[in-house]
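> Model the following, please.
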Amino acid sequence: MKLNTRLIISLAVPILCLAAFVVYKAAILALGVKLVLPVSGYDPRDLLSGHYLTYRVDYNRPDLCRDSYASPGDRVYVCVRQKGEEGVESEVIRSLHFIPAEGCTAVIRGVCDERGRFTAGIERFYIPEKESAMLERIVWDRKAMIVVKVDKNGTAVVQDMLFDGMPMNEFLKKHRNEKRR
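Reported below is the predicted structural model:
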């Protein structure tokens, strides 16, 4: 009897943790502040990583980590101001703790990596393998953006990726229809 109880608990705990994680991310998608951020490719060896497209988010400020005097691994908060559908302005909030900043559309929490780049866990997006080469070219041509939802604590989740201003599924559907003609 004791063995069965341990087995049930050892199976239930990871399943419950995964379910909680999914509910947390879904809550951010449902309730978070929407941002549209431009992206670009940055490493030809790693742009396509399996079925994921890896990119750099353009916060319109190249030296976020240097501006904040952050060391690799330091948590950094970035105030993002949405300027229309395709542009953003950003500034580093110089604090180790979250402080809601006035005038920010949203504040994104991330870390500075060893290369001095700000990463917030939104730098990858799942794409269909068949369409990967075409979508990769669009990212390199700087015609791609991500739609992100950000919660009040600065956690960001990618909701969709836009190619030539269209959501990925809509863009792929249009592209497939044009190919058939």
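> where are the low-confidence patches of this structure?
1, 42-50, 62, 67-70, 84-101, 142, 179-181 (pLDDT under 70).
> Try it again at 50.
In the predicted model, the chain carries pLDDT under 50 at residues 44-45, 47-48, 94-96.
> in it, which spans are strands?
33-40, 48-49, 52-54, 56-57, 75-83, 87-93, 106-112, 118-119, 124-126, 144-150, 156-163, 166-167 (DSSP state E).
> and this structure, what are its domains?
1-31, 32-180 (automatic domain parsing).
> returning to that earlier point: which of the strands of the chain sits closest to residue 65?
Checking the strands of the chain against residue 65 by Cβ to Cβ gives strand 106-112 as the closest, at 3.7 Å. Every C-beta, even on glycine, is put in place using the N, C-alpha and C of the backbone.
> I would like the residues contacting that closest one, please.
Here strand 106-112 makes contact (Cβ atoms under 8 Å, 6 or more residues apart in numbering) with 32-33, 35, 64-65, 68, 70-80, 93, 98, 100-101, 118-121, 148, 150, 153-156.
> That one to strand 144-150, inter-axis angle?
100 degrees (axes from the mean of the first three to the mean of the last three Cα atoms, to 10 degrees).
> what's the angle between strand 106-112 and strand 33-40?
Strand 106-112 and strand 33-40 are oriented at 50 degrees to each other (the same axes, to 10 degrees).
> re the thing from before, indicate which one of the strands of the chain is closest to residue 13.
strand 156-163 (24.0 Å).
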